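**Q** Using only what follows, build the 3D model:
(chains A, B and C)
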Amino acid sequence: MKIIKSIPPKPPKNSFVALDIELFRMNPKQLHRPTSGKFAALTICSDINTVFIIQNKEDVPEVLANLDDCVWIFQNSKFDITHLRRYADIPQRKKMWDTLVIDRILWGGYFNTFSLDDLARRYLDIYIDKSLQKSFGEPKAFAGGVAGMSEEQIEYACTDAWITYQIALEQKKIMTKIDFKLWRDIDSHTIWAFMEFQGFAFDTLEWKALAERNELRWQEIDKGLSFNPHSPKQVLAYLKKTGFTDLKSTDKATLEKAIRKYPDTDAIELAKKTIESKMYRKRSGTYGANFLDNFVEQKNGVDIIIPDLHVNKAETGRIASSSPNIQNIPIRETAEFRKCFIARPGNKLIIADYAAQEPRIMAYLSQDECMIKIFQDKKDIYIEVANHTFDEKITKADDRRRQMKDIVLGIGYGLTEWGLSKRENISLKEAKFLVRSVHRFFPQASIWGEKQAAKRTYVTTIPGRKVWLNPYSNQAEKNARNSPIQGSAAEMLKLSIVRMHKE
DNA sequence: GGAGACGGCGCC
DNA sequence: AAAGGGCGCCGTCTCC
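**A** Numbering: from 1, shown residues only, chains lettered A, B, ... in the order given. Sure, this is the predicted structure:
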């Protein structure tokens, strides 16, 4: 690998070109935001013998203009393009290759790590040392606005582009037409939509008030306890000592069961206080002041939050969110946190949701006649199953609808009768009755599930995304049932996002 | 003092 | 033997 410190010459049209941006002193909580870090270098590799490096951000537009008719390769293109857009105008483009996102299409469920060193090891049998990456964050790495990369750092940065280039070539050799289509028609478009997401405006004052209130609440409870309720180790020891003699763990469900099981012990009050304190700690910790410090930024005088959205992070192809995770903002017990996410000035915030998305997908995949009929007749599938099971007409508010909903969805996940009896606190006999009733109501869906569970190598979503199974895992059968459903739902959602983005 | 495992818990 | 799937973040604790 020869390193040349200059703007690269223009390669032939449609060449594969790997690009890698390095930045100094990134904020680790805001790696995805263009407000974070300072330009260190851009490395460029379009043949295995040579890597070019520029260390002046003024050169970025010229470098990219030269490469406009090439296929740009990145390891995590959303990151690199977000940051390159600080220095050059980059419209949405078709000629792009993302080694990270494509490898997840190829190997979802087979591997679970996809960092550049993982891919280098698997595809090239090259072992690279990622520890040098940390050196870019050190204060001395960027002094007084003058970029100063050591020769070691330059070598490191160039190696990344060189590796990325070779990985793309290897991926190209093994990709099927369907793999490529998933990249071209779904995931690559979703990247652009996510990259251009302008975020939410955010009610910082309200959130701050919530954080303070919730912090006071757990502190008040903890004052009266002689153990730390946020330490599972201490909770377990203390509650065992005070009455829950055979307690195994300290999660909410286990403690609630113990409260029912051991009347008249000191542990009961302590367990209740522990549960309550942990709830408020969660709300003041995960959803508290840190959230404001780490993730809220100002734009045009408005507080906003822009999360890092990952197009296929889950092995099923589902999206994920981090910094912050906006997919787990509390909503079930209180709406006060979600209310803080509001429309930016001049915009409207739209809430959209699929109705019974996963059962509909199950109906499609299994072609179950009863399920299909229910959806064609625009009926509520959970009420229909409950009516069948309990042999009477129930209402939407009836708890048996919720119970049947959990079972219908649960069967898609591989729920067992044993698991259902534990969760619903009913006898094994009752659980068996409920599960069998659902299976009898949807016979073809039931057979579809069994056929899935027999698979040993991989299963697919409707457009053909592979989810590999680990045949040695006792989870394989559950994944074989669930992944086509969960994954197909993810494909639909991403296509919707892409359409909305285009609109 | 930082890294990582673990338990726990928020959401779909 | 285990006993619905998928995530990300927090605090505690251990290890180095």
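
**Q** Quick check: residues of the stretch 101-250 of chain A near DNA strand B?
**A** Contact residues, the stretch 101-250 of chain A versus DNA strand B (C-beta under 7 Å from any atom of the strand): A:232, A:235-236, A:249-250. C-betas here are computed from N, CA, C, even on glycine.

**Q** Just the closest of those residues to residue A:362, please.
**A** Checking those against residue A:362 by C-beta to C-beta gives residue A:249 as the nearest, at 32.8 Å.

**Q** Spell out which parts of the stretch 201-350 of chain A neighbour DNA strand C.
**A** Residues of the stretch 201-350 of chain A that fall close to DNA strand C, judged by C-beta under 7 Å from any atom of the strand: A:228, A:230-231, A:233-234, A:281, A:285-286, A:290-291, A:294, A:310, A:313-316, A:318, A:320-325, A:327-328.

**Q** circling back: now, the residues of the stretch 101-250 of chain A next to DNA strand B that are in helices?
**A** Counting by DSSP state H, those place A:232, A:235-236 in helices.

**Q** Leaving out sequence neighbours, find the closest residue to the residue in the stretch 301-450 of chain A that DNA strand C sits nearest to.
**A** Closest approach between the stretch 301-450 of chain A and DNA strand C, counting by C-beta to the nearest atom of the strand: residue A:419, at 1.9 Å. Closest residue to residue A:419 apart from its sequence neighbours, by C-beta to C-beta, 6 or more residues apart in numbering: residue A:410 at 7.7 Å.

**Q** for that neighbour, helix, strand, or coil?
**A** Per DSSP: H, G, I helix; E, B strand; the rest coil, the secondary structure class of residue A:410 is helix.

**Q** The residue lying closest to residue A:18 once chain neighbours are set aside is in what secondary structure piece?
**A** Once flanking residues are discounted, residue A:18 sits nearest to residue A:165: 3.7 Å by C-beta to C-beta, 6+ apart. Taking DSSP states H and E as the definition, one finds residue A:165 inside helix A:151-174.

**Q** Check which helices and strands that helix sits against.
**A** Here helix A:151-174 touches strand A:2-4, strand A:16-24, strand A:38-47, strand A:50-54, strand A:71-74, helix A:99-107, helix A:116-119, going by 3 or more C-beta pairs under 8 Å, 6 or more residues apart in numbering; DSSP states H and E.

**Q** which residue lies farthest from the center of chain A?
**A** Taking C-alpha atoms, centre = their mean, the residue of chain A most remote from its mean C-alpha position is residue A:264, at 43.9 Å.

**Q** If you count neighbours, what's buried in stretch A:461-476?
**A** Within stretch A:461-476, the residues that qualify as buried are A:461, A:463, A:465-469, A:476, counting by 16 or more other C-beta atoms under 10 Å.

**Q** tell me the contacts of the residue farthest from the centre of chain A?
**A** Contacts for residue A:264 (C-beta atoms under 8 Å, 6 or more residues apart in numbering) come out as none.

**Q** Ok, the one 4 residues further on next?
**A** Residue A:268 makes contacts with A:243, A:259, A:262, as judged by C-beta under 8 Å, 6+ apart.

**Q** how deep is the second one tucked in, by neighbour count?
**A** In this case it means residue A:259. Neighbourhood size, residue A:259 [other C-beta atoms under 10 Å]: 17.

**Q** can you give me the helices in the stretch 201-350 of chain A?
**A** A:204-223, A:232-241, A:252-261, A:266-285, A:289-295 (DSSP state H, counting those that start in this stretch).

**Q** Run through who's touching the third one.
**A** Contacting residues not belonging to helix A:252-261 are listed as A:239, A:244, A:247-248, A:267-268, A:271-272, A:274-275, A:278 [C-beta under 8 Å, 6+ apart].

**Q** out of these, who's nearest DNA strand B?
**A** For these, the nearest to DNA strand B is residue A:278 (4.8 Å; C-beta to the nearest atom of the strand).

**Q** Go ahead and confirm residue A:308 touches residue A:322.
**A** Yes. With contact defined as C-beta atoms under 8 Å, residue A:308 reaches residue A:322; the gap is 5.0 Å.

**Q** between the contacts of residue A:268, which is closest to DNA strand B?
**A** residue A:259 (13.1 Å).

**Q** Distance of that closest one relative to DNA strand C?
**A** Going from residue A:259 to DNA strand C by C-beta to the nearest atom of the strand, to the nearest Å gives 21 Å.

**Q** For the residue most central in space within chain A, list each beta-bridge partner.
**A** With distances taken as C-alpha atoms, centre = their mean, the residue of chain A nearest its centroid is residue A:320 (1.8 Å). With DSSP bridges as the criterion, the beta-bridge partners of residue A:320 are residue A:310.

**Q** pretty sure it is in contact with residue A:327, am I right?
**A** Yes. Using C-beta under 8 Å, residue A:320 is in contact with residue A:327, at 7.3 Å.

**Q** Which neighbours do the two have in common?
**A** Residues touching both residue A:320 and residue A:327 (C-beta under 8 Å, 6+ apart): none.

**Q** Spit out the contact partners of residue A:434.
**A** Residue A:434 is in contact with A:389, A:403-404, A:407, A:420, counting by C-beta under 8 Å, 6+ apart.

**Q** The helix or strand containing it: which residues count as buried?
**A** In the assignment (DSSP H and E), residue A:434 maps to helix A:428-441. Neighbour-count burial for helix A:428-441 flags A:431, A:434-435, A:437-439, A:441 (criterion: 16+ other C-beta under 10 Å).

**Q** Does DNA strand C have contacts with the longest helix seen in chain A?
**A** Assignment by DSSP H gives helix A:476-502 as the longest helix of chain A. Yes. Helix A:476-502 is in contact with DNA strand C by C-beta under 7 Å from any atom of the strand, via A:478-479, A:482, A:486.

**Q** Can you say which of these are buried?
**A** With burial judged by 16+ other C-beta under 10 Å, the buried subset of these is A:478-479, A:482, A:486.

**Q** can I get these in CSV with pLDDT?
**A** Output for these, formatted as CSV (pLDDT from 0 to 100):
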residue, pLDDT
A:478, 88
A:479, 90
A:482, 91
A:486, 91
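
**Q** Specify which member of these is nearest to DNA strand B.
**A** The closest of these, once distances to DNA strand B are taken by C-beta to the nearest atom of the strand, is residue A:486, at 7.8 Å.

**Q** Apart from its chain neighbours, what residue comes closest to that closest one?
**A** Residue nearest to residue A:486 in three dimensions, not counting chain neighbours: residue A:316, with 4.6 Å by C-beta to C-beta, 6+ apart.

**Q** isn't that neighbour right up against residue A:493?
**A** No. Residue A:316 is beyond contact range of residue A:493, at 11.6 Å (criterion: C-beta under 8 Å).
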